[in-house]
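Colleague: just need the structure, nothing else, for what follows:
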Amino acid sequence: MPIEEDNKIFREIVGKVRPVTNDRSHSRPPSPAPIPIFSRQDEAAVVTELLHYSPEQLEVESGEELQWAKDGLRPKIQRRLRLGRYSVAAVLDLHHMRTAEAQLAITEFIQDALQNQMTCVRIIHGKGLRSRIKPKLKVLTAKLLRRMPGVLAYCSARQVDGGTGAVYVLLSRRN
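Modeller: Have a look, this model is predicted:
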């Protein structure tokens, strides 16, 4: 009953009402097509990478040590990484993976590590001793890590952590 009384009081206070008519059209023009900014950036990055790195720089031999750092990274930080002075927060083992699986695994692993604010991780890619021409996973790891925005540096691990069959990866804590 209290609801009916409230409705009655409301109608007495408001009085008579009439519907509002509007002859204006509310249709909007179609939205413009989206601009694929990230696709364009990726394409530009590929061109830059192809111009910046010669094929000889990305050819890796089985026992060769890997080492790379972004421009401007202090030598002291690179030396600490090479000596294994950073605590490894997570490890990814690529053994027995095909290149497509390994590419996806590396990408997801690094993204997860960046999201979780990890400073250093280790990727075990193997030495490629069974590869006929060159170590595929080792080359893939080197190429991918150079292109990832959150990666500051990487280098072959100490012998106790896999030597030339693994890399320490130093990550940015800023996303």
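Colleague: which residues of the chain fall in strands?
Modeller: Here the chain has its strands, by DSSP state E, at 67-69, 90-93, 120-124, 151-156, 166-171.
Colleague: tell me the mean pLDDT over the first one?
Modeller: Mean pLDDT, taken over the full extent of strand 67-69, equals 93.
Colleague: buried sites along it?
Modeller: 68-69 (16 or more other C-beta atoms under 10 Å). From N, CA and C alone the C-beta is placed, and that goes for glycine too.
Colleague: identify the residues contacting that strand?
Modeller: Identification of contacts with strand 67-69 by C-beta atoms under 8 Å, 6 or more residues apart in numbering yields 77-78, 82, 142, 145-146, 152-156.
Colleague: picking up where we left off before, any idea which of the strands of the chain is most buried?
Modeller: Highest mean neighbour count of the strands of the chain: strand 166-171, a mean of 25 (counted as mean count of other C-beta atoms under 10 Å).
Colleague: pull the most distant pair out of the contacts of strand 67-69.
Modeller: Pairwise distances across the contacts of strand 67-69 (C-beta to C-beta) peak at 19.1 Å, for the pair 77 and 142.
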